[in-house]
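>>> next comes the sequence, and after it the predicted model I'd like to discuss.
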Amino acid sequence: MPHPQGSNGNPVYVALNFDEVYEFVGQSGVNFRSTTDENMVARRGHAGDGVTPVIVLEGERNVHGRVCSSCWGHQTSCTGERISQAIVGLDNAANA
């Protein structure tokens, strides 16, 4: 089941909630830098169920993960991907 019960990771500080950042990402996506200084792109998408909104976090060479409202603000996504360096960078860009 995609994105079932939130993440397993420790919380990380983010200023904005998932809905605010999802709105910031918009239909066209947005470029930002991760906390590890990697160029990244955030795009809107859906989890495997085709319904749950997610933000897809694309790095310079691969997709770092997908984050939904349940795992936003945690080190690890619902599906086990390490996302903290990307979501903190995206949150900073959205809150600038």
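Nice, thanks for sending it over. Remember, it's a predicted structure, so these values are computed and weren't measured experimentally. Numbering: from 1, shown residues only.

>>> flag every buried residue along whichever strand or helix holds Y22.
Here Y22 sits within helix 18-25, counting by DSSP states H and E. Of the residues in helix 18-25, F18, V21, Y22, F24, V25 count as buried by neighbour count, 16 or more other C-beta atoms under 10 Å. C-beta coordinates here come from the backbone N, C-alpha and C atoms, glycine included.

>>> with stretch 31-45 instead?
Within stretch 31-45, the residues that count as buried by 16+ other C-beta under 10 Å are F32, S34, M40, V41, A42, R43, R44.

>>> what is the end-to-end distance of it?
16 Å (C-alpha to C-alpha, to the nearest Å).

>>> what's around T52, how many residues?
Neighbour count of T52, defined by other C-beta atoms under 10 Å: 18.

>>> and the gap between V67 and N95?
Taking C-beta to C-beta, to the nearest Å as the measure, V67 falls 16 Å from N95.

>>> packing partners of the helix or strand harbouring I87?
Using DSSP H and E, I87 maps to helix 84-94. Here helix 84-94 touches helix 18-25, strand 30-33, strand 39-46, strand 53-58, strand 63-67, going by 3 or more C-beta pairs under 8 Å, 6 or more residues apart in numbering; DSSP states H and E.

>>> quick check: bridge partners of the nearest residue to V25 once chain neighbours are set aside?
Of all residues not flanking V25 in the chain, A42 sits nearest, at 4.8 Å (C-beta to C-beta, 6 or more residues apart in numbering). With DSSP bridges as the criterion, A42 is bridged to V30, L57.
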